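S.K.: got a sequence here, can you model it:
(4 chains)
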Protein chains: 2
Amino acid sequence: MRNKRHSIKDIAKTLDVSPTTVSFVLNGKGKEKKISDEVINRVLTYTKSINYKPNMLARSLRTGRTKILVFMVEDISNHFFSKIARTIEDIAYEKGYRVLFCSNENEDKRSRDLLNLFYERQVDGFIIIPSTGIRDDIRELMKNDIPVVLFDRFFPDLDTHYVVIDNYDASRKATRHLIDNGYQNIAFVTTDVQQVQMLDRRRGYTDAVAQEGLQATVLEIPFGDTDSGSGRELMRDFFRNKELDAVYFSTNYLTRSGLEIIKEIDEKLIFQLGIVTFDDNELFRINTPTISAVAQPMEEIAQELMRIMLHLLKQKNSVEETMQVTLSAELIPRGSSLAKVNV
Amino acid sequence: MRNKRHSIKDIAKTLDVSPTTVSFVLNGKGKEKKISDEVINRVLTYTKSINYKPNMLARSLRTGRTKILVFMVEDISNHFFSKIARTIEDIAYEKGYRVLFCSNENEDKRSRDLLNLFYERQVDGFIIIPSTGIRDDIRELMKNDIPVVLFDRFFPDLDTHYVVIDNYDASRKATRHLIDNGYQNIAFVTTDVQQVQMLDRRRGYTDAVAQEGLQATVLEIPFGDTDSGSGRELMRDFFRNKELDAVYFSTNYLTRSGLEIIKEIDEKLIFQLGIVTFDDNELFRINTPTISAVAQPMEEIAQELMRIMLHLLKQKNSVEETMQVTLSAELIPRGSSLAKVNV
DNA sequence: CTTAAATAGTAAATCGATTTAGTAAATAAT
DNA sequence: ATTATTTACTAAATCGATTTACTATTTAAG
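M.R.: Alright, predicted model coming up:
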C-alpha cells in the first residue's frame, strides 16, 4: 500500500550494484566511467520503469547548486514584467535553470520575506526589481556571493550589476515629441515613489519643457492609490481644472486609469488631448485613439539580464567589475500625440 | 574577502560547543534539553551577530518536510485566482508554510514541468487547478502520498480531494434571472474547452432555457483565442447577426473582450442587452452599465482548500476518504440584466 | 611470462542540518 | 556512603545524492 519514494540506494540494492554506479549512469557518465552497456541498460530500464525522480534537495545539498533562479518584480501580472519573465524563462531553461517568479508588490517586508525564503533554500541567483527599502538586503546577498542582477531601477549608492533604460533621455524625447507637434501645456502624471527611474523620467520632462520656456505641471499620485478612489479623484480634478492640451503618463498603470478618467470626463476630450505614455501595451495600440508610447526593449532587457546572470553563475567568487547596462527606449508615435488639432 | 555561508558546525566550533547543542538552541529546544542559560545566550547572540540563516535544503532533507506548498492555477494574474491565492498564502503563513505560485496557462506540458519541478524539490503539498491532460500526473502524485487538492474543476473519473462550486445550479440561476426579467433570446458565450465546470455551466444554461421553451444559442470561442483576432471576429459576427436580447458569458475573460466588442459594434447596444457573467470583478461593478455576475465565494473556497490541505499534511499516509466540497455561488444582480427595456 | 594498462566497478566521505542514544559530573535521596 | 536522579551537554547516525580515491579482474605490451 505504502508507496515510498525511491532512492538511489534502493535502486542499487534491487539491481545489485553500488549506488555509485547508479549515480554515474543516471548522470550520463556511464560510458566515461567505464560502466558496461549491460549495467547501463539495466539501470536505465529499471529507473524508467519505476518512474524514478531524483531528490533535488539531496543533490543540491551535495553540489551546492539548485539550478533555480528567482525573478522578483513588483507585480508579475503587469504586462511589461510578465513579458520579460517569459523571455528569461526560455533562456534559463535552455541552460538547465528553472525560474521561480514572485511579486513583491513594492513592499519592503514582502521583498525581504521572499529574498529570505529563497536565500535559505539556496537558489542560485536573483533577478530583481528592488523595492525602495531593501538596499541592505541586496547588499547582504552580494556579500554572500549570490549573483544578483537588478533591473528597471537601482540604488545609486550601491555598486550592483543592473540593466536599465535611459529614462531621462526617453522621457525627454517623449516630451519633445509633444512639443514638436504643437502642444504647449503638457502635464506629467507620475507616482510619488522616489525611485531613480521615476526621478529620471521626471527630469527628462521638466528639462524638455523648460528648454522651450514652457511650464511644467506635475501631478503626483500616491503609490497604490492608482485604482482606488483617492487617486482617481486627484486625476479627475486635475484634468478638469488645469488648462491642458497634452498629458504624459510616467507608467502604464497610471495611463490605464488616466484614460478611463479622461473618457469619463468627456467622450471627446481624449481626441483633443495629446497623450504619451511610458511602457507600451497592446491596449494602447488598439485603443481609440491609439496612444503613443515609450517602448522599452523588453526582449533586449531580458537577454542582457540573462547574459549577466549566466556570466555570474559561471565565475563563482571572482570580485570583478560590476556590469551595468543602460539601454535606450524607443518612442512609438501614434494618433493621440500627433499634430495638435486646434478646436 | 570570501564570505562563506555559516553552518552549524562552524558556529559550534567558534563557540566551542557541539553542533547538537547549537541545533537544539536554534530550534527553541534549549530549555527542554537542559542547555544552560549561559550557553543558550551565547549561541543566540552569536548567530544573530553573524546573521545566520539555516540551510533549508539540509533541514528538509533530514526532516522530510520543506514547509512549502504550491498553488498552481491557469493564470495567476486573473483576479479570481490571485484573490484566492492571497487568502491561501495568509492561512498558510500562520501555520508556518510558505506558498509558491505558478501559472500553467492551461497547457499540459507546462503543468507537468511544474509538477515535476516541485515534486523533485519535495514540496509538501499541491493546490491545483488542473489542465485537462494531467490526470495521470495528479494520480502519480497521489500514489506517492503527496497531498493534492484540486479546485475550480476536477476529473470525474479520478477520486481526488477537491473544492468546487455548484456550477450547474449557479448557471441555472443566472439564466433564470435573465428570463425572469423578460429576456427571451439569451445567448451563452463559452470556451470550447471540455472541462466539467464549463460543461456544467452550459447544462445549467440549456436546461433553464429549455424549461421555458426558449431557444438555446451557444457560441464557443476556441481557448486562447479570446483576445486575439479570430475569437474577437467570432464574437463580432455573432453579436451582429443573431437576434439577441441578452448574453450570458461563461467566464470573466470572455466577458472582458465581449464587452469591448459590444461597445465597438454600437455604443448603445450595451444598454439594451441583458448581460450576466460568471466570476465577479471590480470592473463589472464600475462599468457603465454595471454588469450582473455570478460571484464565487472566494474567501470560502480558499478556506476550504486550506482546511483540507492542512488536514492532509497532518495525517501522513492514512488512506481515508476523499474530501470533496461543493460550495454554492451567488448571483449579484446589477443594472445590465434587470427588467428588459423594450425599445 | 611478467608488467603495464585498461576495464568495470565499489567504499566511504561529504553537503548541513536533525535526532537518538548516550555520557560525565553534580546533586538528591536513602 | 552509596545509589538514583538530574543537569548539561555530545557522538554518531541519518536524510539522498555526488564524487574522490581506491580495488579486482581482464587484456595488452614487451
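S.K.: what about residue A:26, how many residues nearby?
M.R.: 17 (other CB atoms under 10 Å in any protein chain shown). All C-beta spots, glycine's among them, are computed from the backbone N, C-alpha and C.
S.K.: OK, contacts around it?
M.R.: Contact analysis of residue A:26 by CB atoms under 8 Å, 6 or more residues apart in numbering or on different chains lists A:8, A:43, A:47, A:54.
S.K.: just the helices in chain A please.
M.R.: A:8-15, A:19-26, A:37-49, A:56-63, A:79-94, A:108-120, A:135-143, A:167-180, A:196-211, A:229-241, A:252-265, A:269-272, A:282-286, A:298-314 (DSSP state H).
S.K.: which one of these lies closest to residue B:144?
M.R.: Among the helices of chain A, helix A:8-15 comes nearest to residue B:144, with 13.8 Å by CB to CB.
S.K.: that closest one vs DNA strand D: in contact?
M.R.: Yes - residues of helix A:8-15 contacting DNA strand D under CB under 7 Å from any atom of the strand: A:8, A:9.
S.K.: so what touches that helix?
M.R.: Contacts of helix A:8-15 (CB under 8 Å, 6+ apart): A:18-19, A:21-23, A:26, A:42-43, A:46-47, A:50, A:52, A:54.
S.K.: go again with 10 Å.
M.R.: Contact with helix A:8-15 is made by A:4, A:6-7, A:17-23, A:25-26, A:39, A:42-43, A:45-47, A:50, A:52, A:54-55, A:58, as judged by CB atoms under 10 Å, 6 or more residues apart in numbering or on different chains.
S.K.: return it as CSV; C-alpha atoms alone will do.
M.R.: The C-alpha trace of helix A:8-15 is given here as CSV (Å, rounded to 0.1, in the frame of the first residue of the first chain):
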residue,chain,number,x,y,z
ILE,A,8,19.5,5.6,-5.3
LYS,A,9,20.3,3.2,-2.6
ASP,A,10,17.1,1.3,-3.1
ILE,A,11,17.7,1.1,-6.7
ALA,A,12,21.3,-0.1,-6.2
LYS,A,13,20.1,-2.8,-3.9
THR,A,14,17.4,-4.1,-6.2
LEU,A,15,19.8,-4.2,-9.1
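S.K.: stretch A:159-176: which residues count as buried?
M.R.: Residues of stretch A:159-176 classed as buried: A:160-165, A:167-168, A:170-176 (neighbour count, 16 or more other CB atoms under 10 Å in any protein chain shown).
S.K.: gap between it and the chain center?
M.R.: 15 Å (CA atoms, centre = their mean, to the nearest Å).
S.K.: now do stretch A:268-285
M.R.: Worked out by CA atoms, centre = their mean, stretch A:268-285 lies 23 Å from the chain centre.
S.K.: might one say that residue A:334 is in contact with residue A:283?
M.R.: No - using CB atoms under 10 Å as the test, residue A:334 is too far from residue A:283 to be in contact (11.8 Å).
S.K.: which neighbours do the two share?
M.R.: With CB under 10 Å, 6+ apart, residue A:334 and residue A:283 have common neighbours A:290, A:291, A:293.
S.K.: give me the subset of the residues you listed lying in strands.
M.R.: Cross-referencing those against strands under DSSP state E gives residue A:293.
S.K.: most neighbours out of the shared contacts of residue A:334 and residue A:283, which is it?
M.R.: Comparing the shared contacts of residue A:334 and residue A:283 by number of neighbours (other CB under 10 Å), residue A:293 comes first, having 28 neighbours.
S.K.: the closest residue to residue A:296 other than its chain neighbours: neighbour count?
M.R.: Leaving out its chain neighbours, the residue that sits closest to residue A:296 by CB to CB, 6 or more residues apart in numbering or on different chains is residue A:329, at 5.0 Å. Using other CB under 10 Å, residue A:329 has 22 neighbouring residues.
S.K.: swap in residue A:180?
M.R.: Around residue A:180 there are 14 residues (other CB under 10 Å).
S.K.: beta partners of whatever residue of the stretch 151-300 of chain A ends up closest to DNA strand D?
M.R.: Nearest residue of the stretch 151-300 of chain A to DNA strand D: residue A:161, at 26.5 Å (CB to the nearest atom of the strand). For residue A:161, the beta-bridge partners are residue A:149 (DSSP bridges).
S.K.: kindly report the same for residue A:73.
M.R.: Bridge pairing for residue A:73 (DSSP bridges) gives the partners residue A:103.
S.K.: using CSV, write out every CA atom in the worst-scoring helix or strand of chain A on mean pLDDT.
M.R.: Using mean pLDDT, DSSP states H and E, helix A:282-286 stands out as the lowest-scoring helix or strand of chain A, at a mean of 78. Extracted in CSV, the C-alpha atoms of helix A:282-286 (Å, rounded to 0.1, in the frame of the first residue of the first chain):
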residue,chain,number,x,y,z
GLU,A,282,-1.3,46.2,-26.7
LEU,A,283,-4.1,48.3,-25.2
PHE,A,284,-2.6,51.5,-26.5
ARG,A,285,-2.3,50.1,-29.9
ILE,A,286,-6.0,49.1,-30.1
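S.K.: residue contacts, residue A:178?
M.R.: A:184-186, A:205, A:208-209, A:214, A:245-248, A:274-276, A:292, A:336-338, A:340.
S.K.: ok, now which ones touch the nearest residue to residue A:148 once chain neighbours are set aside?
M.R.: Spatial nearest neighbour of residue A:148, chain neighbours left out: residue A:126 (4.8 Å); criterion: CB to CB, 6+ apart. Residues counted as contacts of residue A:126 (CB under 10 Å, 6+ apart) are A:69-72, A:114-115, A:118-119, A:138, A:141-142, A:146-150, A:309.
S.K.: again, 8 Å this time
M.R.: A:69, A:70, A:72, A:115, A:118, A:141, A:146, A:147, A:148, A:149 are the contacts of residue A:126 under CB under 8 Å, 6+ apart.
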